[in-house]
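1. coordinates for the following, if possible.
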Amino acid sequence: AVMFRHLVTSLPSSLRSNWQAIASSSPSGSHILSSLTDVYRVAASHVFYQEFGQVRHHNSAASTSGGSEETITVTFVDKEGKDHTVKAPIGKNLLEVAHDNEVDLEGACEASLACSTCHVIVENEEYFKRLPEPSEDELDMLDLAFGLTETSRLGCQVIASRELDGLRVR
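-> You can find the predicted model right below:
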């Protein structure tokens with residue numbers, strides 16, 4: 001409990017208020033425990049950043065956002081079936097690309113691989129086969145995702161590359 005309190009107090013104020021909202025929002029003990037576990041993981045990432053200068057992403061490419069100006073085309077299909085085709089810089093993950101282009105894709109843990117809110121479904125199996133194998137941590141988080149399919153991935157772990165030009169996800 002002391003470690004958890006230390007981690008929560010180390011969070012930036014915006015995340016600290018999110019933690020307070022999560023902790024007070026649910027009458028269900030199991031939901032609160034699950035939410036607190038997610039918050040703990042996010043807090044641990046922020047403490048790691050404060051001490052070592054980098055967030056502990058499980059896919060190191062997930063944290064790179066600069067560099068090359070080369071882009072690919074990615075289409076996000078929203079819940080109403082509307083296409084949002086955007087340019088994705090090589091090396092950026094789909095969560096960052098979505099946020100940069102005002103596409104509605106949640107990322108509660110800020111790409112620290114502590115939730116499944118950025119779950120996407122790759123529409124074309126051929127593109128899915130081009131992706132690197134998911135890590136065990138990603139698979140564990142995908143097990144918690146709603147609507148899991150054979151071509152499900154976490155958007156924070158899908159990194160734009162030349163091979164993915166034309167990718168469609170929903």
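2. start and end of stretch 78-93, how far apart?
-> Start and end residues of stretch 78-93 are separated by 18 Å (Cα to Cα, to the nearest Å).
3. stretch 81-101 now?
-> This stretch, stretch 81-101, spans 17 Å end to end (Cα to Cα).
4. how about stretch 147-159?
-> End-to-end distance for stretch 147-159, by Cα to Cα: 22 Å.
5. what does stretch 103-115 give?
-> End-to-end distance of stretch 103-115 (Cα to Cα): 19 Å.
6. stretch 75-85: end-to-end distance?
-> 4 Å.
7. report the buried residues of that stretch.
-> The neighbour-count check on stretch 75-85 (16 or more other Cβ atoms under 10 Å) flags 76-77 as buried. For every residue, glycine as well, the C-beta is placed using N, CA and C.
8. now do stretch 145-152
-> 145, 151-152.
9. any idea of the mean pLDDT for it?
-> For stretch 145-152, the mean per-residue pLDDT is 96.
10. number of residues surrounding Leu94?
-> Residues near Leu94, counting by other Cβ atoms under 10 Å, number 29.
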